[in-house]
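**Student:** Just a sequence and a predicted model for now, questions to come.
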Amino acid sequence: MAVEMGRQVRESLAACFDAASLQKSRLELARRLYIDGTWAVEIQPRSQASLFPMLVDVAGFASQALRGSLWDSQERREIEARLWSALDAEPLVAGVAHSAESTVKEILASDSGQALEVLRGVCLDGSRPNFAASLMRCLGRQEERPGSRAWRLALVRDCLREGDAEVRETAVQLAEVWEEAGVCSILKAHREPESWLREYIGDVIEDADE
């Protein structure tokens, strides 16, 4: 915080790269807290100024948020297009390797911070259950389990809540393949309307408890 003769003053714009990077980070924090409204009620404007004594480019924040939104949207479309092209090329057959498995592997290995979120979004897309189930099977065939344990458990849990029986069945298959600690609790808590799928869930729980 800049201080001059015992009083607070606002910072000038940064004059070097490192200082500019730090100032940008502080500005981004200010935007999340105050412009997006996280602490808008608790912190009064006067207090905001003393906590963040700098020149705030509100227009710059808005344009940056717009650019980020457009980039995320474009990246999502590109990932989904790659998945659709790979899965639409040929049917996914049990026990037979599929080119989409390599596509999913490449997406997971990319530096994209959106990859897991996009994959999760496709799996939970109720308008395309066949596409979702096929992608889930590809995730289950990966040599390295995708995401974190929490991500995998959440995917199984949320896919079990979907309306399509094929998606729910594939979620149980993932639970069986991944054998995550805690997945049995998710399966036991699920209320499955289809008798054949209830039986399958029971078998998975029984095998896991042995």
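**Tutor:** Arrived safely.
**Student:** List the contacts of stretch 166-186.
**Tutor:** 123, 126, 129-130, 132-133, 136-137, 139-140, 145, 149, 152-153, 155-157, 159-160, 162, 187, 192, 194, 197, 200-201, 204-205, 207-209 (C-beta atoms under 8 Å, 6 or more residues apart in numbering). C-beta coordinates here come from the backbone N, C-alpha and C atoms, glycine included.
**Student:** now with 6 Å?
**Tutor:** 129, 132-133, 136, 140, 149, 152-153, 156-157, 159-160, 197, 200-201, 204-205, 208 (C-beta atoms under 6 Å, 6 or more residues apart in numbering).
**Student:** all helices of this structure, in order?
**Tutor:** 17-30, 45-51, 58-89, 99-109, 115-123, 129-140, 149-160, 165-178, 183-189, 195-209 (DSSP state H).
**Student:** still on that earlier bit, which ChimeraX command selects the buried ones in the contacts of stretch 166-186?
**Tutor:** Restricted to buried positions by 16 or more other C-beta atoms under 10 Å, the ChimeraX selection for those reads:
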select :129,132,133,136,140,152,153,156,157,159,160,197,200,201,204,205
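**Student:** Switch the helices of the chain over to JSON lines; also include mean pLDDT.
**Tutor:** Formatted as JSON lines, those follow (pLDDT from 0 to 100):
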{"stretch": "helix 17-30", "mean pLDDT": "58"}
{"stretch": "helix 45-51", "mean pLDDT": "50"}
{"stretch": "helix 58-89", "mean pLDDT": "64"}
{"stretch": "helix 99-109", "mean pLDDT": "89"}
{"stretch": "helix 115-123", "mean pLDDT": "90"}
{"stretch": "helix 129-140", "mean pLDDT": "93"}
{"stretch": "helix 149-160", "mean pLDDT": "96"}
{"stretch": "helix 165-178", "mean pLDDT": "96"}
{"stretch": "helix 183-189", "mean pLDDT": "95"}
{"stretch": "helix 195-209", "mean pLDDT": "93"}
